[in-house]
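Chemist: Structure for the following, please:
(2 chains)
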Amino acid sequence: MTTKRSALRAFGLKPALCAFGMFAGAMPAAAQDTTLTYMLWSPEQVEIEAPAIAAFESAHPGVTVKVQAMPPADYWPRVSAQAASGDLPDVMAMSSGFVQEWAAAGNLLDLSPYIGDSALDGYFTSAVNIGNIGGAQVAFPQNWVAPVLYYNRTAFDAAGVGYPNATWTWEDFRAAAEALTVDENADGTPEQYGYWVYGRYAHTDPWVFRNGGRYVTADGSALDITQPAVNALAFLASLVDDGFAPRPQELEGVRQQDVFGMGMAAMWVDGSWNIDNTRKLVGDTFEWGIAQVPMGPDATPETAAAYAWADMLAVTTDTEQADLAWAFVQHMTGPTLSAADFTAGKVPAWTATAETEQWLGRGQQPDNMELILEIGEQPLYTGFTRNWSDWRGYAAAGSGGLNGELDEVFNGRKPLSDALAAATAYGNDVLSR
Amino acid sequence: MPQHAPRTGARASQSRLAQRPARWKHWLPALLFLSPAIVGLVLFRLVPIVWAFVLSFTDWRIFDDIVWVGFDNYIHILSSPVARQVLGNTLWFTAMYVPGVVVLSVSLAVVLNNGLRSSAFFRGAFFLPYITATVAITLAWRWIFSTRFGLLNHLLDMVGLQGQAWLADPAWALPAVAIVSIWKDAGFYMILLIAGLQTIDPGYYEAARIDGARPFRRFYAITLPLLSRSLFFVLILALIRSTQTFEITYALTNGGPNRASTTLAFYIYQNAFVHFEMGYAAALAYLLCFAIGLVTLLNFWLRKRWVHE
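Modeler: Sure thing, here's the model as predicted:
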C-alpha cells in the first residue's frame, strides 16, 4: 500500500537517507521504485493475470505490483483485519455482496473524480453500475454473471416439449416441468425431475426479480417482502409440492451444481459461472442449452429486472497513490485480459472481449452464450444490502436467514407465510444492528 | 556471651545481604529464559482475553469504527430467538455427546484393558479417528449420511427400514453431528481411561472373584469407584469439548438445516469471521466462557459425592 518513499517518510528517515545519498553519491534509482499492492481471493487467478500484471509493470517503469491471493474464506478475514489496522492494499478484489458495507465503512475510494467521460466507453454499463453505491463509484467490474435457465435438450426432445423461449409463461414452465418428470420404475422416486430448486439466492431470487418482486426497501434499510416476491416463491414451492422438483433433503449429499449435469433434473436456474462445471460434467452425455428465466405474471416494465452481480476491483482509501491504483484497475478490467482469462460463463466487463468468438465458446455447449450478453443489456437489480450474507443466508452462514427458511418450505416442513415472517423478523434485526 | 550477640546479629545481617545478589543471580537467568514465553503469553493470550472482554461491550465490525454499546450485545443475545435456539442446540448437543462419549470410551477401555496382544492393535484403531484430519473423516461421514446415495440408508433399505435425510432433517442433523463427534473423540478418552484402569490393583478383582462376584458386580463395585478420578477428568474434558464443537459442524452440516445444528462455537465463528460482528461474537464467547466455568465449578462441587480420593 505504500511506496518506499512513503515508508521512509513514515519513519522520518527520508532526510537522513537523502543526506547519506548525497554523501555517497548514490541511491536515486532505488528511491523512485514504487510498489503497488493488490489482493484477490482466487490463487488460481494470479497465474491467469500474471501476463497482464507484467504488461502493466512494463508500461510503468519503476512500478512493481505485489500480488497476494488466498481463498475467499481467508481473504475476507484478512482484508478486514488489514482495514482495522489501516493497512489495506492499494487495490483489492471486491464482491457485489460486500461492496455496500465496505463503502459505508469508508474503506473504498470514490473513483468518480478519476473516471473521465470516455473511461466508461467499452464497458457493460449495467455492470459498472453495480459498483456505484449512492452515487459514488467505489468499485469497478472485472467480470459479471447472471442467472440463467439451464435446460436438457435431450430430455426435452424425449418428452416432446418445445425448448424454453422468451415468450414462456410460468404455466408453460410448470407444464414442461411436469412432462419432464420421469419415474421409469414407478417406485415413487423419479429418476429425472423436471426442475431443481432450493433456498439458495441464485435459485430463487431470479424468479422473484423477474416477477417484479423485492425483498428489501428501496434504500436497503429493511426487509419488506413484496407480494410479487411472495407469489414467485409460492410458485416455486408448488413445483416441489406437486412432485416436479425434488425436496432438497432428498438430494442431500449431492453437490447442488451437479444435479443438472448428472441428469437428475432437466431444468435448473443458477449463475452463468456454472457453465464451466456443467460443460465438464456433461461432456457429450446429453445436449443442453441456456435460456432466460421466464418473466412472471406480476411483472411490469418498471419492476421487472434481471439479476446480476459482478466481481470487481476497488481502490482503497489507505492508498497513497490513487492515480496509479486507478490506472491499474483500468488496465486489469479493460482489453488487456483475453477471453481465455475468464472462466466459462463469467462475462468480461469489457464488452469487446465478451463478444469474441472465443468467449462465446463456439463449438461447445451451450451454443447460445449471446443470451447472457443480452441479459447484460437489460435493467439489472442485485438486491444486495449491508449484511446481505447474514439475512439472506450465504456461504458459511448459508444454513440460516432466508435460505434456511425457504429450505424448510421446500422440504414441506413450514408454510411459506411462516417462513417469510421469520426471515423478515431476523433480517430486520440484522439490518437494525 | 551477650557481647557476642550483636556481632552474631551483624554477621547474620551481612550474610543476608550477601545472599541477595546470590538470589538475583539465581533468578535472573531463569527470568531471562522464561521471558520469551511470558511475553508471548501476555501478548497473545492475556491481552486478547482482556481485549475480547472489552470488545464485548462494543459494536465493532472489524473494518469499521468501534462504538461503545454497554450491555446491548448481552441483552440482544438473551432476547434473540436465534441465539436462544443456538443455546438450546448447544445444551442438546452436550446432553447427547457427554454421556455418549463417556459410556463408549469406558466400554472400549474396559474391553481393551485385558492385556491381550490384539488389544494394542484395537487401541490404535480406535485412537486413529482422533488424530485423522477432521475434514477428511467428515467428508466420509457425509457420504455415509447422504440421503439417496448414502451407505446408512442403503443398509437400512436392505433390512426393510425407511431411510432418513440425516443431515437435512432438523430432528436428525444435530444427533448426526453428535454421533460423528463421539466416534472421533472416544479413542482419546479411551486412552486416558485405560491409564486409569491400569492403576487399579488386580488383587481387588481376585478377591472379588473368590467371593463369587460376577463381572458386572466387579465392574460396578471395583472398576467404577476406583476409576472415578479418571472419569472425573474425562467428564470435565468432554463437557468443555461439547461446547466447542466447530470443525465437524462446519464440514458436515454447515449448521443447518435452518440452524438446527448450529451450536455456540459455530455461531461465534459465523458472527466473528463471516459477518465480522466482533463485539457481538466476543459477548457470545464470554457467555460461553461463563457457562463452561459454571458447569466446571458444579462438577468440582459434585466431585465430593462420587469421586474416590
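Chemist: Flag every residue of the stretch 51-200 of chain B that's near chain A.
Modeler: B:59, B:61-65, B:76, B:80-82, B:142-143, B:145-150, B:165-170 (C-beta under 8 Å from any C-beta of the partner chain). No exception for glycine: its C-beta is placed from N, CA and C like everyone else's.
Chemist: So which of these are in strands?
Modeler: Mapping these onto strands (DSSP state E) picks out residue B:59.
Chemist: Which ChimeraX command selects the buried ones in the residues of the stretch 51-200 of chain B next to chain A?
Modeler: This is the ChimeraX syntax for the buried subset of those, where burial follows 16 or more other C-beta atoms under 10 Å in any protein chain shown:
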select /B:59,61,62,63,64,82,142,145,146,147,148,150,165,166,167,168,169,170
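Chemist: So which of the residues of the stretch 51-200 of chain B next to chain A belong to helices?
Modeler: Applying DSSP state H to these, the entries found in helices are B:76, B:81-82, B:142-143, B:145, B:170.
Chemist: any weak-confidence spans in the chain?
Modeler: Went with chain A since none was named. A:1-32, A:118 (pLDDT under 70).
Chemist: wrong chain, I was asking about chain B
Modeler: Counting by pLDDT under 70, chain B contains low-confidence residues at B:1-22.
Chemist: Swap in 90 and give it another go.
Modeler: Residues of chain B that meet the criterion pLDDT under 90 lie in B:1-31, B:61-65, B:113-123, B:215, B:273-276, B:295-296, B:299-300, B:302-309.
Chemist: give me the residue from the stretch 51-200 of chain B nearest chain A.
Modeler: At 2.6 Å from chain A, residue B:146 is the closest residue in the stretch 51-200 of chain B, using C-beta to the nearest C-beta.
Chemist: so what's that residue up against?
Modeler: A:252-254, B:153, B:167 (C-beta atoms under 8 Å, 6 or more residues apart in numbering or on different chains).
Chemist: what's the answer for residue B:284, then?
Modeler: Here residue B:284 is in contact with B:77, B:83, B:264, B:267-268, B:271 (C-beta under 8 Å, 6+ apart).
Chemist: I'd assumed it was in a strand, is it?
Modeler: No: counting by DSSP: H, G, I helix; E, B strand; the rest coil, residue B:284 falls outside a strand, being helix.
Chemist: how far away is it from chain A?
Modeler: Distance, residue B:284 to chain A, using C-beta to the nearest C-beta, to the nearest Å: 14 Å.
Chemist: how close does that residue sit to residue B:90?
Modeler: Taking C-beta to C-beta, to the nearest Å as the criterion, residue B:284 is separated from residue B:90 by 11 Å.
Chemist: Overlap in contacts, these two.
Modeler: Counting by C-beta under 8 Å, 6+ apart, the residues touching both residue B:284 and residue B:90 are residue B:264.
Chemist: where exactly do the helices run in chain B?
Modeler: With DSSP H as the criterion, chain B has helices spanning B:4-41, B:47-55, B:72-79, B:81-112, B:117-131, B:134-145, B:151-158, B:170-197, B:202-210, B:215-218, B:224-242, B:247-252, B:264-269, B:278-306.
Chemist: so of those helices, which one's packed in deepest?
Modeler: helix B:264-269 (a mean of 24; mean count of other C-beta atoms under 10 Å in any protein chain shown).
Chemist: circling back: list phi and psi for the residue of the stretch 51-200 of chain B closest to chain A.
Modeler: phi -50, psi 140 (degrees, to the nearest 10).
Chemist: about what we covered before: the contacts of residue B:284 into JSON lines, with extra columns for distance to residue A:379?
Modeler: Shown next, in JSON lines, are those (distance: C-beta to C-beta, whole Å):
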{"residue": "B:77", "distance to residue A:379": "41"}
{"residue": "B:83", "distance to residue A:379": "39"}
{"residue": "B:264", "distance to residue A:379": "44"}
{"residue": "B:267", "distance to residue A:379": "38"}
{"residue": "B:268", "distance to residue A:379": "41"}
{"residue": "B:271", "distance to residue A:379": "35"}
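Chemist: just how off-centre is stretch B:97-104 within its chain?
Modeler: A distance of 13 Å separates the centroid of the chain from that of stretch B:97-104, by C-alpha atoms, centre = their mean, to the nearest Å.
Chemist: Quick check: residue A:141 is in a strand.
Modeler: Yes: counting by three-state DSSP, residue A:141 falls inside a strand.
Chemist: how near is the residue nearest the centre of chain B to chain A?
Modeler: Taking C-alpha atoms, centre = their mean, the centroid of chain B lies closest to residue B:241, which sits 2.6 Å from it. In this view, residue B:241 and chain A are 21 Å apart by C-beta to the nearest C-beta.
Chemist: Grab the nearest non-local neighbour of that residue.
Modeler: Excluding the flanking residues, the one nearest residue B:241 by C-beta to C-beta, 6 or more residues apart in numbering or on different chains is residue B:185, at 6.8 Å.
Chemist: Is the one you found in contact with residue B:131, as I believe?
Modeler: No: using C-beta atoms under 8 Å, residue B:185 makes no contact with residue B:131, being 11.1 Å away.
Chemist: From chain B, how far off is residue A:101?
Modeler: The value you get for residue A:101 to chain B, if C-beta to the nearest C-beta is used, is 7 Å.
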